[in-house]
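Peer 1: The following comprises the amino acid sequence and a computationally predicted model.
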Amino acid sequence: MARQLVAGVDSSTQSCKVVVCDAASGAVVREGRAPHPDGTEVHPEAWWQALRSALDDVGGLDDVAAIGVAGQQHGLVCLDEHGEVVRDALLWNDTRSAAAAADLVAELGGPKAWADVVGSVPVASFTVTKLRWLAEHEPEAAARVAAICLPHDYLTWRLRGSRDIADLTTDRGDASGTGYWSPAQGGYRQDLLRTAFGRTPVVPRVLGPSDTAGTTTDGALVSAGTGDNMAAALGLDAAPGDLVVSLGTSGTAYTVAPDGAADATGIVAGFADATGKFLPLVCTLNAARVLDAAARLLRVGHDELAQLALSAPPGADGLVLLPYLEGERTPNLPHATGAVHGLTTGTTTAAHFARAAVEGMLCGIADALDALTGAHPAGERVILIGGAARSAAVLDIAPALFGRTVLLPEPAEYVALGAARQAAWVLHPAAAPPSWATPRTEIHPGRSDAAVRERYASAHGHHLDRPAAHASSTGAR
Ligand SMILES: Nc1ncnc2c1ncn2[C@@H]1O[C@H](COP(=O)(O)OP(=O)(O)O)[C@@H](O)[C@H]1O
Ligand SMILES: O=C(CO)[C@@H](O)[C@H](O)COP(=O)(O)O
């Protein structure tokens, strides 16, 4: 049989990446990418243009039999009755809907009620809170909204050449991050849409894991697509018990689980995955960009930042950086800012600051990992992916702060690969996705550095004790 090719798209926060793979083996044949605009609100047309230029970069889709799109989760795309965008999409890392989130939680009777109904307690990242914010703050725009969808739903729909809002599709993975779709019940909660928005706009049809959304205008099959974390799990072939940490714009820690989560503390989000199972996940707002900011401040590149960090002692002689540069989602401190503790004459060096930045970012993720594994016991090894996994300092320090062995799969775009694997699944429908070769993996043995974690926890406590921190955050529920 002639070789068939499939394409996978990762429309993430900072960029759009496309891989074209052999449908049978998963071998990457070619790759392309294009940047996304900065900021926490973005016109969806910018994602479409980035996808088009990434597709040009990859040499087009003429020889591709099927395509799948994975996207950053939660972003609110609003369309009018003609399929035109009503306003810029509010992204997962836009915290303006923090008060709306608190209101919605109270209105339903508290965090447990939300966890029971949709598997997660909404914070500002969740789509449902952005919908409430829109209704309250921009009633004229809200009145024009006929349909709502997520970034990957929008791109899937554009790829199919449709402008009819009745054609919108999504999948259970991305739908589970809206706050108005129940992973446990496998259906929309129109009551929650009404609570948030006062009425029920058109929402995308939820496809099954190997369902087809339709075809591109050139006739390639289009898979359901999914959220970027769900796609990475599929790209890594993560199985129940595997732990994954992704260090992109967000820091995420997740595992594949047979059953849905319902964490009333709101720390673990009870998402669905892209295969019919579940993906309990903890997400922080501050990961790779903390290192970007540290490198910018020190006027060095990423390699030099890593070398500086590794030249300082573990714990940076007591210098601690709290990495809340974009507010924070876990813990729920949407208005928090970053802070540096432990400045002395001895710690005011570039090396100490670089080390504190890497350690502070990783301590936030280590807390996320502990919360996840506390609720969902998993293996002792963490698969590390995302842009910041390329940092030599991250690779050296993460095993100590996670207290677990870190597995580094060979560098690849695992989100895009997962979307491509979903496309291959659609091309050859079966009970399970096609078996693709597993990546070669570098092993970084775990060790324990409790002192760094303790100093971070203590600095965190001091920071939250400041009246200003209380006044500006909604606090953990
Ligand atoms: N060697 C490196 N060290 C640290 N950070 C890096 C390195 N290479 C890339 N990054 C950062 O990784 C981020 C991009 O990662 P990616 O996983 O693609 O993010 P996203 O999926 O959120 O768009 C950028 O912030 C980039 O600066
Ligand atoms: O909000 C979440 C997960 O709930 C984020 O993980 C987004 O899905 C964005 O991912 P990146 O672009 O940072 O990879």
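Peer 2: Nice, thanks for sending it over. Ligands and ions are numbered 1, 2, ... in the order given.
Peer 1: So Ala34: helix, strand or coil?
Peer 2: Counting by DSSP: H, G, I helix; E, B strand; the rest coil, the backbone at Ala34 sits in strand.
Peer 1: To clarify, my last question referred to Pro122.
Peer 2: On the basis of three-state DSSP, Pro122 is classed as coil.
Peer 1: Compute the number of surrounding residues for Ala7.
Peer 2: Using other Cβ atoms under 10 Å, Ala7 has 30 neighbouring residues. Heads up, the C-betas are built off the backbone N, CA and C, glycines and all.
Peer 1: Which strands and helices lie in contact with the strand or helix carrying it?
Peer 2: In the assignment (DSSP states H and E), Ala7 maps to strand 5-11. Applying 3 or more Cβ pairs under 8 Å, 6 or more residues apart in numbering; DSSP states H and E, one finds that strand 5-11 contacts strand 15-22, helix 44-57, strand 64-71, helix 151-159, helix 228-235, helix 414-427.
Peer 1: what does the second one contact?
Peer 2: Spelled out, it's helix 44-57. 7, 9, 11, 15-18, 32-37, 61, 69, 71, 77, 85, 89, 151, 154-155, 158-159 (Cβ atoms under 8 Å, 6 or more residues apart in numbering).
Peer 1: and Ala184, how many neighbours does it have?
Peer 2: Counted with other Cβ under 10 Å, Ala184 comes out at 17.
Peer 1: wait, isn't it in contact with Ala272?
Peer 2: No - contact status for Ala184 versus Ala272: not in contact, 9.3 Å apart, counting by Cβ atoms under 8 Å.
Peer 1: pull the longest helix from this protein.
Peer 2: In the chain, taking DSSP state H as the definition, the longest helix is helix 350-375.
Peer 1: need the contact list for Val121.
Peer 2: Val105, Pro111, Trp114, Ala115, Asp263, Ala264, Thr265, Gly266, Arg477.
Peer 1: Apart from its chain neighbours, what residue comes closest to Glu359?
Peer 2: Val452 (5.7 Å; Cβ to Cβ, 6 or more residues apart in numbering).
Peer 1: Check which helix or strand the one you found maps to.
Peer 2: Per DSSP H and E, Val452 falls inside helix 450-465.
Peer 1: buried set for that helix?
Peer 2: Under the neighbour-count criterion of 16 or more other Cβ atoms under 10 Å, helix 450-465 has Val452, Arg453, Arg455, Tyr456, Ala459, His460, His463, Leu464 buried.
Peer 1: what would those look like in a markdown table with distance to ligand 2?
Peer 2: Formatted as a markdown table, those follow (distance: Cβ to the nearest ligand atom, whole Å):
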| residue | distance to ligand 2 |
| --- | --- |
| Val452 | 24 |
| Arg453 | 23 |
| Arg455 | 27 |
| Tyr456 | 22 |
| Ala459 | 25 |
| His460 | 22 |
| His463 | 23 |
| Leu464 | 23 |
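Peer 1: which of these are close to ligand 1?
Peer 2: Of the residues in these, proximity to ligand 1 by Cβ under 6 Å from any ligand atom holds for none.
Peer 1: Return the distance of the closest residue to Trp157 other than its chain neighbours relative to Phe353.
Peer 2: Leaving aside its chain neighbours, Trp157 sits nearest to Leu168 (5.4 Å; criterion: Cβ to Cβ, 6+ apart). For Leu168, the distance to Phe353 equals 47 Å [Cβ to Cβ, to the nearest Å].
Peer 1: picking that back up, mind listing the shared neighbours of Ala184 and Ala272?
Peer 2: Gly260.
Peer 1: which residues of the stretch 251-400 of the chain fall in helices?
Peer 2: 288-298, 302-311, 350-375, 392-402 (DSSP state H, counting those that start in this stretch).
Peer 1: Kindly apply the preceding question to the stretch 101-250 of the chain instead.
Peer 2: Counting by DSSP H, counting those that start in this stretch, the helices of the stretch 101-250 of the chain are 111-118, 127-137, 139-144, 151-159, 172-175, 190-197, 228-235.
Peer 1: For burial, what's the neighbour tally of the residue of the chain found nearest ligand 1?
Peer 2: Nearest to ligand 1 in the chain, going by Cβ to the nearest ligand atom, is Gly387, at a distance of 2.0 Å. Gly387: 19 surrounding residues under other Cβ under 10 Å.
Peer 1: Might one say that it is in contact with Gly251?
Peer 2: No - with contact defined as Cβ under 8 Å, Gly387 does not reach Gly251; the gap is 11.1 Å.
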